[in-house]
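Peer 1: below is the sequence, then the predicted model.
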Amino acid sequence: MTGSLTDPKVFDIFEEQMQWVKKVWDAPAYLLGYDEIRTGGWEVQPGGTHYTPGELLAKHVTRAVEIVHKYSPDAKMYIWSDMFDPFHNARHLTDKHGYYLCNGDFYGSWEGLPSEVSILKWAGADSRSIKFAAERGHKIVFSANSGRRIKRWMNAAKGTGAEILGFCYTDWHKNYDPLESYAEAIRALPESVE
């Protein structure tokens, strides 16, 4: 199930949920769940506007950050990288290569993402992606499911100016067998990393 990036009811629900989350947990940090958006850009837009999916997502994430701040002004925020990375799912597409069931692409979505939101980077040790996030002022958490990837990502981060906050074991198949080797790879890193 997906929600439209133009439906204001989504924000009513988000705001209601944020109130409850604040009341029950009062967490110091939140993960904004934007990830692998596979449809968009087909809906009739308010006032006859015609924004691209990237522009719609930029406006959407800006509003989401405002809602988090409204109820938890000092909270840290994190977000998955893919939909805000021009070298991943937010790449500029040609007419030949569409993006799933979207009418357009998510290029430019990062324009709505404040630098205070830290990036959970997944899908490849691409130094261009890391540098892009770093130049926009985002701190980075590497999110992977193998120790080999940690080493590759740390090498890719060299010289990018990225501030790496840490690592998050992430597996979409509930496979925790590599967790020990993942932790060993982290322990093997030098204490001081660029």
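Peer 2: Arrived safely, thanks for sending.
Peer 1: pLDDT score assigned to the closest residue to Gly112 other than its chain neighbours?
Peer 2: Closest residue in space to Gly112, ignoring its immediate chain neighbours: Ala58 at 3.0 Å, by Cβ to Cβ, 6 or more residues apart in numbering. To be clear about C-beta, it is placed using only N, CA and C from the backbone, and glycine gets the same treatment. Listed pLDDT for Ala58 reads 97.
Peer 1: distance between the helix or strand hosting Ala58 and the chain's centre?
Peer 2: For Ala58, the host element (DSSP states H and E) is helix 53-71. In this view, helix 53-71 has its centroid 12 Å away from the chain centroid, taken as Cα atoms, centre = their mean, to the nearest Å.
Peer 1: for it, output the C-alpha coordinates as CSV.
Peer 2: Taking C-alpha atoms only, helix 53-71 is exported to CSV below (Å, rounded to 0.1, in the frame of the first residue of the first chain):
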residue,chain,number,x,y,z
PRO,A,53,7.9,13.0,-8.4
GLY,A,54,11.2,14.5,-7.2
GLU,A,55,9.7,17.9,-6.6
LEU,A,56,6.7,16.2,-4.8
LEU,A,57,9.0,14.2,-2.6
ALA,A,58,11.1,17.3,-1.8
LYS,A,59,8.0,19.1,-0.6
HIS,A,60,6.8,16.0,1.3
VAL,A,61,10.0,15.4,3.2
THR,A,62,10.2,19.1,4.1
ARG,A,63,6.7,19.0,5.6
ALA,A,64,7.6,15.7,7.5
VAL,A,65,10.7,17.3,9.1
GLU,A,66,8.5,20.3,10.1
ILE,A,67,6.1,17.9,11.9
VAL,A,68,8.8,16.1,13.7
HIS,A,69,10.2,19.5,14.9
LYS,A,70,6.8,20.6,16.0
TYR,A,71,6.5,17.8,18.5
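Peer 1: contacts for stretch 48-67?
Peer 2: Outside stretch 48-67, the residues that touch it by Cβ atoms under 8 Å, 6 or more residues apart in numbering are 5-6, 10-11, 14-15, 18, 32, 34, 37, 40-41, 45, 77, 79, 83-84, 90, 102-114, 117.
Peer 1: and those, which of them are buried?
Peer 2: Among these, those scoring as buried are 5-6, 11, 14-15, 18, 32, 34, 37, 40-41, 77, 79, 83-84, 90, 102, 104-110, 112-113, 117 (criterion: 16 or more other Cβ atoms under 10 Å).
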